[in-house]
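Engineer: Sequence unavailable; structure follows:
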């Protein structure tokens, strides 16, 4: 199945793309998506993830068509 | 010696005057001023006092020409 | 640092809109906290139609200035402004504005709140309310 | 309850002056607490000449709305309003306005502060600063 991947701020600068598609297995979780876009690297604790605009843990299951986002700690306000 | 006495809010209503002069002995304190205007009654704990625009305790000494004020708990803001 | 008593209606947000920097340079502060207390049309279960705010001329200004200076020092505030009504007030009208400017939000919230608490407990103001049952002195403030 | 993102300069106090009641009736609330975060011209020891606020369209609004609703319920707020800048910002310009309306000052201060803390920790915004040494991402927020 396929998910949309978005990245923000210095994580986008580091990964080199703002938006992309990722092909992952049917039972994939957020961590699998991360590994599919980083050639299998560990997901640092400082990286935050969201699925369909809500915060999600590394083991959150994703589904076909989901929007999965990765970003650094937020600094608004 | 003589001091000016001011009263405020429902204490003024109760005592019946807003401003008055009181004759007190040379070594008088705030409590003596209170008693001189109330025929010797006790000073309730809820009555606040000020001497020359600063809060003062019952045993604060007063001096000739001082302005001594008595008022209930404040309710501004 | 500025303390004012006002006898007429004032618009607290417009006061700040006209002087948003509290006398500081733009860019010199990062956080502003403003509190406005407004007269409600009910209190302690009764409809209130009107209020008169009595104060102790001279002492009120002196206490407000002392409060602002103490909390400025305690919280590292860069600037502070207090405006307080006296005299007759109608429901819906602002009673008090406390605004503080600081480097960061922690000091701004803490300093603004501290000035309000000190004002409520120390500044010599007394509220006299007009209700359908007649006039009455407000006996105590809401807990902060 | 209202949440807005703005791409241009805004005047937080004038926004409140034009809508001081937060959509409530005058007389229905007793306390308003408003916080404004402003861009300073220095951060972590360096002069900052410009900043760009990146955000995650869709998620940012959703998180802000969730935060406002949670803190409204937690603190019994009567109304709340949040305006947050996105895009390029110059020193001295307001970044965020959080305003809350409540019956009493305790809820107003606590609710306003709680919304700011939640916004700082959860709302997806990222600051990119331009200093004399070049551009840099702000790595973490000041402690609240």
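Structural biologist: Done, it's in. This structure is a prediction, so every number in the text was calculated from the model and none was measured.

Engineer: Phi first, then psi, for residue C:90.
Structural biologist: Main-chain dihedrals, residue C:90, degrees, to the nearest 10: phi -100, psi 150.

Engineer: Any idea how many residues pack against it?
Structural biologist: 14 (other CB atoms under 10 Å in any protein chain shown). Backbone N, C-alpha and C define where each C-beta goes, glycine included.

Engineer: what's the nearest residue to it if we skip its chain neighbours?
Structural biologist: residue C:50 (6.2 Å; CB to CB, 6 or more residues apart in numbering or on different chains).

Engineer: for that neighbour, what are its contacts?
Structural biologist: C:88, C:89, C:90, C:91, C:129, C:130 (CB atoms under 8 Å, 6 or more residues apart in numbering or on different chains).

Engineer: Please determine whether stretch C:129-144 lies in contact with chain D.
Structural biologist: Yes: contact of stretch C:129-144 with chain D (CB under 8 Å from any CB of the partner chain) involves C:142, C:143, C:144.

Engineer: and the residue of chain A found nearest chain D, what is it in contact with?
Structural biologist: Here the residue of chain A nearest chain D is residue A:76; by CB to the nearest CB that distance is 2.7 Å. Residue A:76 sits next to D:53, D:55, D:84, D:95, D:96, D:119, D:120, D:123, D:124, D:125, D:126, D:127 when contact means CB under 8 Å, 6+ apart.

Engineer: near chain A, from those residues?
Structural biologist: D:53, D:55, D:84, D:95, D:96, D:119, D:120, D:123, D:124, D:125, D:126, D:127.

Engineer: what number of residues lie near the closest residue to the first one other than its chain neighbours?
Structural biologist: Leaving out its chain neighbours, the residue that sits closest to residue D:53 by CB to CB, 6+ apart is residue D:86, at 5.0 Å. Residue D:86 is flanked by 18 other residues according to other CB under 10 Å.

Engineer: And for residue C:16?
Structural biologist: 25.

Engineer: Please tell me I have it right and it contacts residue C:36.
Structural biologist: No: the pair formed by residue C:16 and residue C:36 falls short of the contact definition of CB atoms under 8 Å, at 9.6 Å.

Engineer: what sits in contact with each of these two?
Structural biologist: Common neighbours of residue C:16 and residue C:36 (CB under 8 Å, 6+ apart) are residue C:97.

Engineer: now, which of the contacts of residue A:76 lie within helices?
Structural biologist: D:119, D:120 (DSSP state H).

Engineer: Including pLDDT and neighbour count, could the contacts of residue A:76 go into JSON lines?
Structural biologist: Output for the contacts of residue A:76, formatted as JSON lines (pLDDT from 0 to 100; neighbours: other CB atoms under 10 Å in any protein chain shown):
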{"residue": "D:53", "pLDDT": "98", "neighbour count": "23"}
{"residue": "D:55", "pLDDT": "98", "neighbour count": "23"}
{"residue": "D:84", "pLDDT": "98", "neighbour count": "25"}
{"residue": "D:95", "pLDDT": "98", "neighbour count": "24"}
{"residue": "D:96", "pLDDT": "98", "neighbour count": "25"}
{"residue": "D:119", "pLDDT": "98", "neighbour count": "26"}
{"residue": "D:120", "pLDDT": "97", "neighbour count": "20"}
{"residue": "D:123", "pLDDT": "98", "neighbour count": "26"}
{"residue": "D:124", "pLDDT": "98", "neighbour count": "26"}
{"residue": "D:125", "pLDDT": "98", "neighbour count": "27"}
{"residue": "D:126", "pLDDT": "98", "neighbour count": "23"}
{"residue": "D:127", "pLDDT": "97", "neighbour count": "23"}
